[in-house]
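A.B. asks: Kindly generate the corresponding structure for this input.
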Amino acid sequence: MAFVRPITGMLVACLVAAPLAAQQSIVQERLDLGVLARIRDEALNRSQVDSLAQQLLDRHGSRLTASPQMRRAQEWAVQSLRSWGLVNVQAEPWDSLFGRGWERVSYSGRMLEPVLQPLRAEPQAWSGSTKGAVTCPVVLVEVPDDTTQLQQYAGRLRGACVMWQRWNPIGPEFTAPPRRYDADSIIAWGQRRPQPAPPAQQVNPQQAEQFRAAQARQQAGRRGIRREAPAVLLIPSGWTYGILRTGGHPDGRLARDSVYEPIPALMLTHEQYGQLYRLAKQGVTSRLEVNIQNRFSNPDKREFNVVGEIPGSDLKQQVVMIGGHFDSWHSGQGATDDAAGSLVMMEAMRILKTLNLPLRRTVRIGLWSGEEQGLLGSAAYVRAHAAELPNFSAYLNIDNGSGRLRGVYGELNEPAVRVWDQVLAPFRDLGYVGNRLDRTGGTDHISFWRRGVPGFQFIQDPLEYSIRTHHSNVDTYERLVMDDLKQAASIVAWSVYHLANRDEMMPRPQP
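C.D. replies: Here you go, the predicted model:
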């Protein structure tokens, strides 16, 4: 695969892009290029990331939080970190309850009428089970947010396969989305100053009330459908080409917290949902045969993060932490979201330990659970370790797929960006281009940033992340680009080494 062209003079370009006052206050980083060469050699020529990926993905599969598969994968991660010589390695429990665990047992399905064909589908996480194989008519409910109009469906939904979401056609893909960022765009991002947030606009009370009323009607509509006791809820995939982009049950947290058996929720391919939708609009009754068997687990509702560390020396009370979320959705292997980030962070720790590099600060790794349900694992960690956070120099995160690292999101922390400009400049031959002052969201670094710790997410080439396959049944080993993961591991290991040994902690974010 072709890589972007190297950018010469990147350090100079970064300094020119900074305001003059910022240039005058920049601390010149002392880079140990001898250690850098050793890290790059180990990461690029003796990498274990491919072996780790096969062990995690092929032997343990997907890792839905609290599922038996997640437990086994966490045990594997603990054993791996211990085997490399890390200390204080454990599956650390949360300080709050997550809810029930869940796993798939079996699924089969087919359309019986009007045409016999397989039903390409996948149960949503925390779905219940059918009572063996059931045959059900497909009923389209077009007014689920209006409980008064639901009366027209009384008696028609019991034992039916119910569709209540509109089918929105997705057209052909005439232009393929870009898989890698071009260097000029990244340079332009780094030179652009983030725009200040617009002033908060006064909320229109009438609009706010209308929004709340609409939400209430939708919730009441879903409750009304549940009371009618359908056999299965049918949900369309939001992606086309037969890809199933699965997630949680429509009942949300209620499905994993309650003692009741949630109605089986089955995600169909975009194409087959469209077929059933069009038939229903034509007045044709389709009939399905489905057998959905799932199993609940984890009766104590506890969940864990995997943590471990390499102790520092004279500054061992201070911490540089790295991490990624270990959990995934259930239909594929969770390869790009976020086995890729977790494996890179594990490999970085292996490199540091294998080379026996001196570290003044303690280096710690966290492999989070519950990220897909709202950064729950990392948020629990910072709550439990609140007293330590003033001694955290930085937290580094990877959670945007398998693409190579191109820079760092600075989270509006300009002094820290100036440090990153210098620390990452030696990697311009491996695809590093520049850093952004902008913020980014949706990853576990936010849990640390909110508590005042300099938290950073790396900029990555998108490849297929947020484009086609992540969260889906095809997010598997085949989506990983090993050369990119090796590059990422070398950058993370070097960054951690440098941050752990520089005289000062990383600049703190300003409120």
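A.B. asks: after the strand or helix carrying A91 comes which helix or strand?
C.D. replies: According to DSSP states H and E, A91 maps onto strand 87-93. Downstream of strand 87-93, the first helix or strand assigned by DSSP H and E is strand 101-113.
A.B. asks: Check which helices and strands that next one sits against.
C.D. replies: helix 68-83, strand 117-118, strand 121-123, strand 287-297 (3 or more C-beta pairs under 8 Å, 6 or more residues apart in numbering; DSSP states H and E). Using the backbone N, CA and C atoms, a C-beta is placed for each residue, glycine as well.
A.B. asks: picking up where we left off before, any idea of the mean pLDDT in the strand holding A91?
C.D. replies: Averaging pLDDT along strand 87-93 yields 98.
A.B. asks: Pairing partners for it, with directions?
C.D. replies: The pairing partners recorded for strand 87-93 under DSSP bridges are strand 304-310 (antiparallel).
A.B. asks: by how many degrees do the helix or strand following the strand it pairs with and strand 304-310 diverge?
C.D. replies: Following strand 304-310 in sequence order, the next helix or strand is strand 315-325 (DSSP H and E). For strand 315-325 and strand 304-310, the angle between their directions (axes from the mean of the first three to the mean of the last three C-alpha atoms, to 10 degrees) works out to 140 degrees.
A.B. asks: before we move on, the earlier item: so which of the helices and strands packed on strand 101-113 is the most surrounded?
C.D. replies: strand 121-123 (a mean of 26; mean count of other C-beta atoms under 10 Å).
A.B. asks: contacting residues around that strand?
C.D. replies: 104, 107, 109, 244, 246, 264-269, 272, 290, 292, 294, 331, 473 (C-beta atoms under 8 Å, 6 or more residues apart in numbering).
A.B. asks: in the stretch 351-500 of the chain, which spans are helices?
C.D. replies: With DSSP state H, counting those that start in this stretch as the criterion, the stretch 351-500 of the chain has helices at 376-384, 414-423, 445-449, 482-501.
A.B. asks: what's the third one packed up against?
C.D. replies: The criterion is 3+ C-beta pairs under 8 Å, 6+ apart, and the helices and strands that helix 445-449 contacts are helix 376-384, strand 392-397, strand 455-460.
A.B. asks: strand partners of the second one, parallel vs antiparallel please.
C.D. replies: Here the strand partners of strand 392-397, with direction, are listed using DSSP bridges: strand 315-325 (parallel), strand 455-460 (parallel).
A.B. asks: Alpha carbons of that strand, in CSV - could you do that?
C.D. replies: C-alpha atoms of strand 392-397 as CSV (Å, rounded to 0.1, in the frame of the first residue of the first chain):
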residue,chain,number,x,y,z
PHE,A,392,-0.6,12.2,35.8
SER,A,393,1.7,13.9,33.2
ALA,A,394,-0.4,12.7,30.2
TYR,A,395,-2.8,10.1,28.9
LEU,A,396,-2.5,8.9,25.3
ASN,A,397,-5.3,7.1,23.4
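A.B. asks: Report the angle between that strand and helix 414-423.
C.D. replies: Using the same axes, to 10 degrees: strand 392-397 against helix 414-423 is 70 degrees.
A.B. asks: does P250 count as helix, strand or coil?
C.D. replies: With DSSP: H, G, I helix; E, B strand; the rest coil as the basis, P250 sits in coil.
A.B. asks: meant to ask about P137
C.D. replies: strand.
A.B. asks: E289 is in contact with that one, correct?
C.D. replies: No - contact criterion C-beta atoms under 8 Å: P137 and E289 do not qualify, at 11.3 Å.
A.B. asks: Mind listing what's buried along stretch 444-462?
C.D. replies: Residues 444-449, 451, 453-462 are the ones in stretch 444-462 that count as buried (16 or more other C-beta atoms under 10 Å).
A.B. asks: quick one: low-confidence ranges for this structure?
C.D. replies: Scanning the chain for pLDDT under 70 picks out 1-26, 144-147, 197-203, 511.
A.B. asks: Now do the contacts for the residue most central in space within the chain.
C.D. replies: Central residue of the chain (C-alpha atoms, centre = their mean): D337, 4.7 Å from the mean position. Taking C-beta under 8 Å, 6+ apart, we find D337 in contact with 328-329, 399, 401, 465, 470-471, 475.
A.B. asks: of all those, which comes closest to V382?
C.D. replies: The closest of those to V382 turns out to be D399 (C-beta to C-beta; 16.2 Å).
A.B. asks: Quick one: residues contacting the closest one.
C.D. replies: Counted by C-beta under 8 Å, 6+ apart, D399 has contacts 324-325, 337-338, 341, 371, 442-444, 457.
A.B. asks: Now it: closest residue in space that isn't a chain neighbour?
C.D. replies: T443 (4.1 Å; C-beta to C-beta, 6 or more residues apart in numbering).
A.B. asks: how about the contacts of D399 in CSV, adding distance to P299?
C.D. replies: As requested, the contacts of D399 are exported to CSV (distance: C-beta to C-beta, whole Å):
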residue, distance to P299
G324, 28
H325, 24
D337, 28
D338, 27
G341, 30
E371, 23
G442, 31
T443, 31
D444, 27
Q457, 35
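A.B. asks: among the residues you listed, which ones are buried?
C.D. replies: 324-325, 337-338, 341, 371, 443-444, 457.
A.B. asks: from these, which two are the most distant?
C.D. replies: D337 and Q457 (13.6 Å).
A.B. asks: Quick one: residues contacting the closest residue in space to P509 that isn't next to it in sequence.
C.D. replies: Distances taken as C-beta to C-beta, 6+ apart put N413 closest to P509, at 4.7 Å, once the chain neighbours are dropped. Contacts for N413 (C-beta under 8 Å, 6+ apart) come out as 437, 454, 507-510.
A.B. asks: about what we covered before: buried among the contacts of strand 121-123? Make that a PyMOL selection.
C.D. replies: Here is the PyMOL command that selects only those of the contacts of strand 121-123 that count as buried (16+ other C-beta under 10 Å):
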select buried, resi 104+107+109+244+246+264+265+266+267+268+269+272+290+292+294+331+473
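A.B. asks: if we take the contacts of D337, which one ends up nearest to L52?
C.D. replies: S328 (15.5 Å).
A.B. asks: looking at it, L375 is touching H445, isn't it?
C.D. replies: No - contact criterion C-beta under 8 Å: L375 and H445 do not qualify, at 9.4 Å.
A.B. asks: So which bits of stretch 39-49 are buried?
C.D. replies: 39-40, 42-43, 47-49.
A.B. asks: should've said stretch 380-395
C.D. replies: Here stretch 380-395 shows 380-382, 385, 391-395 as buried, counting by 16+ other C-beta under 10 Å.
A.B. asks: Kindly provide the distance from E173 to G403.
C.D. replies: 20 Å (C-beta to C-beta, to the nearest Å).
A.B. asks: neighbour-wise, which of those two wins?
C.D. replies: G403 (26 against 10; other C-beta atoms under 10 Å).
A.B. asks: For the residue nearest to the more buried one when sequence neighbours are not counted, list the residues it contacts.
C.D. replies: In space, and not counting its chain neighbours, G403 is closest to D461: 3.1 Å by C-beta to C-beta, 6+ apart. By C-beta under 8 Å, 6+ apart, D461 lies in contact with 179-181, 401, 403-404, 406, 484.
A.B. asks: since we're on G308, how many residues are nearby?
C.D. replies: Count around G308 with other C-beta under 10 Å applied: 24.
A.B. asks: Am I right that L244 is in contact with H330?
C.D. replies: No - judged on C-beta under 8 Å, L244 makes no contact with H330 at a distance of 10.6 Å.
A.B. asks: In contact with M111, which residues?
C.D. replies: Contacts of M111 (C-beta under 8 Å, 6+ apart): 117-119, 272, 276, 286-288.
A.B. asks: State the phi and psi torsions of the residue nearest to G403.
C.D. replies: Backbone torsions of D461, given as degrees, to the nearest 10, read phi -60, psi 140.
A.B. asks: how close does it sit to L52?
C.D. replies: According to C-beta to C-beta, D461 stands 21 Å off from L52.
A.B. asks: What segments of the stretch 151-300 of the chain are strands?
C.D. replies: All strands of the stretch 151-300 of the chain, identified by DSSP state E, counting those that start in this stretch, fall at 161-163, 232-236, 265-268, 287-297.
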